[in-house]
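S.K.: please find the sequence and the predicted model below.
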Amino acid sequence: MTIDPEWRDFAAIWGAVLSSLLALARFLPDRPQFEIEPGKSVPCDLILRIINPAKSMRLVRDLCRIKIGRGGANVIGLYIEKTRLIDTGIPGTLLLAIKAESEREVMINCLSEKDKPSRWLILFLWRGSWFLPIYFPAFVYVSTKRATKLNAAL
């Protein structure tokens, strides 16, 4: 006995897989949005606005800060108004609880001179709802050259 699959069999399997994925996507949490804006003080500073579009609270933590390339500063500072001064350059110390359908501001201090631009890749981890209690990664690219251009545009 041999089974000869026809195009209808493949279409039925494809439809079952697609509808299952669409049903599972409803259970995945909404991803927070990370937007970079010009800073308020020094020309190298930036503001990272984290927007939570979901109807439940999100926990956001910075895991690591990876320096890309050579030159520039060895430290990049992430802080909010309530952060202790000694914790601004240490990765993993920033933990934010962002309420439902709201946003938080994180200040970024690039700590570099104009002649030595630096680039950074910051890895944030965000946690969804109680139903899926795992952390998802989100990457943010920060450049002192871009910070200078954004602040000069004001």
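M.R.: Noted; the coordinates are in hand.
S.K.: buried sites along the least confident helix or strand in the chain by mean pLDDT?
M.R.: The weakest-scoring helix or strand in the chain, judged by mean pLDDT, DSSP states H and E, is helix 144-153 (a mean of 77). Residues of helix 144-153 classed as buried: 144, 147, 148, 150, 151 (neighbour count, 16 or more other Cβ atoms under 10 Å). For the C-beta atoms, the positions are set from N, CA and C on the backbone; glycine is no exception.
S.K.: next one: stretch 142-152 to chain centre, how far?
M.R.: Distance of stretch 142-152 from the chain centroid (Cα atoms, centre = their mean, to the nearest Å) equals 18 Å.
S.K.: no wait, stretch 36-52
M.R.: The answer for stretch 36-52 is 14 Å, by Cα atoms, centre = their mean.
S.K.: likewise for stretch 23-36?
M.R.: Worked out by Cα atoms, centre = their mean, stretch 23-36 lies 12 Å from the chain centre.
S.K.: same deal with stretch 147-154?
M.R.: 22 Å.
S.K.: of the buried residues of helix 144-153, just say which sits nearest to residue 100.
M.R.: Nearest to residue 100, judged by Cβ to Cβ, of the buried residues of helix 144-153 is residue 150 at 29.1 Å.
S.K.: for this protein, just list every one of the strands.
M.R.: Using DSSP state E, the strands of the chain run over residues 33-38, 46-52, 58-68, 77-79, 95-98, 102-109, 119-127, 135-143.
S.K.: got a markdown table for the ones you listed, with distance to residue 26, mean neighbour count and mean pLDDT too?
M.R.: Conversion of the strands of the chain to a markdown table gives the following (distance: least, Cβ to Cβ, whole Å; neighbours: other Cβ atoms under 10 Å; pLDDT from 0 to 100):
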| stretch | distance to residue 26 | mean neighbour count | mean pLDDT |
| --- | --- | --- | --- |
| strand 33-38 | 19 | 14 | 90 |
| strand 46-52 | 18 | 19 | 92 |
| strand 58-68 | 17 | 17 | 88 |
| strand 77-79 | 33 | 20 | 79 |
| strand 95-98 | 21 | 14 | 89 |
| strand 102-109 | 23 | 17 | 88 |
| strand 119-127 | 18 | 19 | 90 |
| strand 135-143 | 16 | 15 | 90 |
